[in-house]
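Enquirer: what follows is a predicted protein model with its sequence.
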Amino acid sequence: MLDLLRFNFMKNSVPAQAESQHQIMLDGVSVSYTLKRSPRRRSITLTVDENGLRVGAPWRSPETRIASMLEGHAHWITRKLAAWQARKPLPFTWETGAAIMVLGQPLTLLPAPARSNTTSDGVHLHVAAQADQPVMMAKQATLWLRSTALEWFGQRTAHFAPMLDVGVPDIRLSNARTRWGSCHPAGRVHFNWRLIHMPAPLIDYVVVHELAHLRVANHSPRFWHCVEQVLPDHKMRRKTLRLEGHRYLGAWGAIQTDVTEARSPDVTKWNPGVVPGLER
Ligand SMILES: [Zn+2]
């Protein structure tokens, strides 16, 4: 458990409040929340907004009481989080220091105009563009994200295909507005390139889901059996993708990436505020 305690001391050394980060499983989904304890508070309060779930609690409220309060309101919390997911994200600016998510981790944008290629050292994305050219920054970063996505999806597809007893299919990147992945009758699999923002276990779920369609075309119990054999916790991953996926897209969802390039003709305008789901 992540415990970032921040104390604000009053004159008599009694803390005014303490803030800490926690995680809890609710309705099969891992939900992170901020807990604020205060000596002035008399009851536990729950708030869900664009920052996620916040819990206010009296200074000495036992952890178990807070947990049972959250569990008792699990449905309300997950419903509220899902509602926020559907909302328009904050605007994003292509500038030095802005962060984009890659495989669930933030990469900080650093303009590197002297470079011919955009590269990442795992902490920064050295973007081959001038700091004052946001359009070029967007284009270069998008190119890098797409090639990283294609390579990652290719590797994961090659990893899971034998486990599902299917051949390794041709994969393509899509920019679908409503789907993370799709499987085509010719045996070609499309993955939404923005999946590359998500943590690896969530990407794996989409990869396995689409590969399982090479065995079973529909969503019958036989299909879910195939998925379950490879990913026993697929239900939790699916729920997490649905409820928490937007956090990784974050501000990114609002970018007008009207970037076109020869190598990938399917780049189209991203529709702000729409978070793709799986076909159903
Ligand atoms: Zn499906």
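Expert: Nice, thanks for sending it over.

Enquirer: max-length helix in this protein?
Expert: Secondary structure of the chain read by DSSP state H shows that its longest helix is helix 134-160.

Enquirer: what helices or strands is that helix leaning on?
Expert: strand 99-102, strand 105-111, strand 119-120, strand 124-127, strand 171-174, strand 189-192, helix 200-215 (3 or more CB pairs under 8 Å, 6 or more residues apart in numbering; DSSP states H and E). Just so you know, the C-beta spots here come from the backbone N, C-alpha and C atoms, and that holds for glycine as well.

Enquirer: would you mind putting these into a markdown table with mean pLDDT, distance to W152 and mean neighbour count alongside?
Expert: A markdown table is the format used below for the helices and strands packed on helix 134-160 (pLDDT from 0 to 100; distance: least, CB to CB, whole Å; neighbours: other CB atoms under 10 Å):
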| stretch | mean pLDDT | distance to W152 | mean neighbour count |
| --- | --- | --- | --- |
| strand 99-102 | 90 | 9 | 20 |
| strand 105-111 | 93 | 13 | 18 |
| strand 119-120 | 95 | 12 | 15 |
| strand 124-127 | 96 | 15 | 22 |
| strand 171-174 | 92 | 10 | 20 |
| strand 189-192 | 93 | 9 | 24 |
| helix 200-215 | 95 | 7 | 22 |
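
Enquirer: now the strands for the protein?
Expert: Taking DSSP state E, the strands of the chain run over residues 6-9, 15-26, 29-38, 45-49, 52-58, 99-102, 105-111, 119-120, 124-127, 171-174, 181-183, 189-192.

Enquirer: between the ones you listed, which gets nearest to A138?
Expert: Closest to A138 of the strands of the chain is strand 124-127 (CB to CB; 9.1 Å).

Enquirer: next, count neighbours for the residue lying closest to E71 once chain neighbours are set aside.
Expert: Nearest residue to E71 in three dimensions, chain neighbours excluded: L26, at 6.8 Å (CB to CB, 6 or more residues apart in numbering). L26 has 22 neighbours, counted by other CB atoms under 10 Å.
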